[in-house]
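1. Quick one: sequence and predicted model below, then my questions.
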Amino acid sequence: MPLSADAPAWARELALAYESGAQGQFILYGNVQDRFVLGGRLVGLYRYLEQALLGRFQVVLSYDLGNGLRVERGGELLAKWRRDEGLRELPNAPLRAVQWVSHYLRYVGNLQALGEGKPVHLACILRGADQILPGGPGAWHQDQGALTALVRDWAGASPYADLPFASFMVADNLADLYPQVAYNPRAARIRVPLPDGNTLDAALSALQQGYPAALPAGTDLPALAGMLAGVTLTAVEALARRRAYEGQALTPADLVKTKKALVEREASGLVEFIESRRSLADYHGQPLLIEALRQDMALWRAGDLRALPKGYLICGPVGTGKTYLVECLAGEAGVPVVKLKNFRDRWVGSSEGNLEQIFRLVRALGRCILFVDEADQTLGQRQSGSADSGLSGRLYAMIAEEMGDADSRGRVIWVLASSRPDLIEVDLKRPGRIDVKVPVLPTVTAGESADLLRALMGRYGLALDETQWRSVEPRLPTLLTPGAAEAIAVKVYRRGRLAGKGAAEALDELLADYQPPVPADVLEAQMRVAVREASDLAFVPPPLRHLAAGRAPG
């Protein structure tokens, strides 16, 4: 399997495993539907396998449910074996096709054992292997059992292991493939990632030759490649074709908006890009917390990755602005923020496959923030019981493994938000996965309430002079959340519109019969949980530190 120096890492890993004799069966999963750079042009995975990796193999066979068994190379050698029957009617059914290949391999093995003829290098590619050998409860049937036995034998049983034979099973998601095949210890699992910067640069160079109107001479291709991280080559090629047809050149400004749309479409609605025009300067309250976060983001921009936390847990009562803080953090960091949407599906194996797809995208984006809102509901639990057939437990294991990846420090920062962090599994909150736990709390003084309300009323064009604020401040409620403060601002604005009253008069009337939106006991319980989760009591305002375990009020 000779490879060029610029071959992708997954292809080099595959070639090494085969040439060394370590493995002869390969399960390719991940970004397998994409295009790949080969000889200055873009080709599909199967063409890449046949030309870049299997160029010296004398016999190459392929099978998929739609086309049946096909001879890609070596028909003349197969014709000698099938002298009477010929190759006109090859089997279409999966079991018959795999038996046909196995029969030929045994024939070649017998010839080799007898010392007749030269060794023949053979390969077989099972396209859409997750459709041929699907996973999940209820997928097994007698033919699948026979298929599984034969395909597993290809990986290490005699005579297959004694031949120069390579077998490939290609699936979008490893979780969709029958487990006894997917996790066969004798098979090598090769994850095909989304293209990195170097691959995108090479692809843009190839596209520049075919679509000069979209990529004219002098275009800074490495800069464009950096901006396209997380986008498939298929999407990049389609974009270049459209721009060439329109006679428009691709520009960095063009790609900012386009990349967001491309990535969200590639992720099939599983993620959402959060675009933030804010920074931590827009966040009001808890100055020590904001300063600590600002220092972390400065270290990230400076590239001092060892000093960065792996993740943050942002917790606090409902309405305290946890999502808003994430938006401010994103703007401060200046990196993409990917919000995890609902990836759970009713179909067996789909949820795990969706999660694999999300992780592929996140790994390809380079530096980014992965935001999980309502984390206590989203992340699953170690013990999920029988109600969901163990789905939550499997998802939990996948997420825990990804969060704990030591190589991701400084590349992906996980940000979890929850008003019930006590319901998040302890293992997911431990250092090495979540290093900093941030409590986001209501105001503790009337002055803080006034500052918060002034900022939110300003968004509605409502202004009070200093005398009016000094008059109203003593009657402002404490333990005011941004959500409650915005509700007050909306009511003041509404009274002004309907009754023609000034902001000061409307606010004064509203405070006379103000009722907190969250009962005091519920608010205190949520604050207590958030304070006890805090990784540093310096993040907690002194009047609320008595809520920490083992502390007395005051």
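-> Thanks, I have the structure now. Numbers count the residues shown, from 1 in each chain.

2. what about the strands in the protein?
-> 25-30, 35-38, 41-44, 59-64, 68-73, 122-126, 165-171, 188-192, 271-274, 311-315, 337-340, 368-372, 412-418, 436-439 (DSSP state E).

3. for the fourth one, packing partners?
-> So that's strand 59-64. strand 68-73, helix 94-113, strand 122-126, helix 129-132 (3 or more C-beta pairs under 8 Å, 6 or more residues apart in numbering; DSSP states H and E). Where C-beta positions appear, they are placed from N, C-alpha and C, glycine not excepted.

4. picking that back up, just flag whichever of the strands of the chain has the lowest average confidence.
-> Among the strands of the chain, strand 271-274 carries the lowest mean pLDDT, a mean of 80.

5. which ones are touching the nearest residue to residue 421 once chain neighbours are set aside?
-> Closest residue to residue 421 apart from its sequence neighbours, by C-beta to C-beta, 6 or more residues apart in numbering: residue 315 at 4.1 Å. Residues in contact with residue 315 (C-beta atoms under 8 Å, 6 or more residues apart in numbering) are 322, 417, 418, 419, 421, 437, 438, 439, 440, 529, 530, 533.

6. now with 10 Å?
-> 322, 375-376, 416-422, 424, 429, 437-441, 526-527, 529-534 (C-beta atoms under 10 Å, 6 or more residues apart in numbering).

7. Filter the residues you listed down to just the ones in helices.
-> Using DSSP state H, the subset of those located in helices is 322, 375, 376, 429, 526, 527, 529, 530, 531, 532, 533.

8. can you redo the residues you listed as a markdown table with distance to residue 70, neighbour count and pLDDT?
-> A markdown table is the format used below for those (distance: C-beta to C-beta, whole Å; neighbours: other C-beta atoms under 10 Å; pLDDT from 0 to 100):
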| residue | distance to residue 70 | neighbour count | pLDDT |
| --- | --- | --- | --- |
| 322 | 55 | 23 | 89 |
| 375 | 48 | 26 | 89 |
| 376 | 50 | 18 | 87 |
| 429 | 52 | 21 | 90 |
| 526 | 62 | 23 | 92 |
| 527 | 66 | 21 | 93 |
| 529 | 60 | 20 | 93 |
| 530 | 61 | 30 | 93 |
| 531 | 65 | 23 | 93 |
| 532 | 63 | 18 | 93 |
| 533 | 58 | 21 | 92 |
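
9. Of those, just say which sits nearest to residue 170.
-> residue 375 (33.9 Å; C-beta to C-beta).

10. list the contacts for that closest one?
-> Per C-beta under 10 Å, 6+ apart, neighbours of residue 375: 313-315, 340, 399, 414-421, 423-424, 428-429, 434.

11. Make a PyMOL selection of the buried ones in these.
-> The following PyMOL line selects those of these that are buried, judged by 16 or more other C-beta atoms under 10 Å:
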select buried, resi 313+314+315+340+399+414+415+416+417+418+419+420+421+424+428+429+434
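
12. Please name the nearest non-neighbouring residue to residue 128.
-> The nearest residue in space to residue 128 (C-beta to C-beta, 6+ apart) is residue 64, at 5.1 Å.

13. got the contact list for residue 439?
-> Contacts of residue 439 by C-beta under 10 Å, 6+ apart are 286, 289, 313-317, 320, 421, 527, 529-537, 539-541, 544, 547-548.

14. mind giving me the domain split of the protein?
-> Following automatic domain parsing, one gets these domains for the chain: 9-192, 197-265, 273-439, 446-512.

15. Including distance to residue 518, could these go into JSON lines?
-> Below are the domains of the chain laid out as JSON lines (distance: least, C-beta to C-beta, whole Å):
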{"stretch": "domain 9-192", "distance to residue 518": "40"}
{"stretch": "domain 197-265", "distance to residue 518": "34"}
{"stretch": "domain 273-439", "distance to residue 518": "7"}
{"stretch": "domain 446-512", "distance to residue 518": "8"}
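
16. one step back: which of the ones in helices among the contacts of residue 315 lies closest to residue 121?
-> Among the ones in helices among the contacts of residue 315, and counting by C-beta to C-beta, the member closest to residue 121 is residue 375, at 50.7 Å.

17. what's the spacing between that closest one and residue 26?
-> 36 Å (C-beta to C-beta, to the nearest Å).

18. And residue 194, by the same measure?
-> Counting by C-beta to C-beta, the gap from residue 194 to residue 26 is 19 Å.

19. got it, and residue 55?
-> Distance from residue 55 to residue 26, by C-beta to C-beta: 16 Å.

20. ditto for residue 364
-> 21 Å.

21. With residue 470 instead?
-> Per C-beta to C-beta, residue 470 is found 74 Å from residue 26.

22. for residue 13, same thing?
-> 9 Å.

23. intersection of neighbour lists for those two?
-> 188, 190.

24. Compare neighbour counts for the two and give me the winner.
-> For residue 13 versus residue 26, the count of surrounding residues by other C-beta atoms under 10 Å is larger for residue 26: 24 against 14.

25. got a list of what the more buried one touches?
-> 10, 13-14, 17-18, 49, 53, 123, 125, 155, 166-170, 187-190.

26. Around residue 263, count how many other residues there are.
-> For residue 263, using other C-beta under 10 Å, the count is 24.

27. from now on call the first residue 3
-> Let's use 3 as the start, then, which means that last one is residue 265.

28. which ones are touching it?
-> 196, 230-234, 237, 273-275, 338, 340, 363, 366-367.

29. Which of those residues fall in helices?
-> 237, 363, 366.

30. I'd guessed the last one sits against residue 235; true?
-> No: between residue 366 and residue 235 there is no contact under C-beta atoms under 10 Å: 11.4 Å.

31. what touches both of the two?
-> Contacts common to residue 366 and residue 235, judged by C-beta under 10 Å, 6+ apart, are 33, 196, 197, 201, 202.
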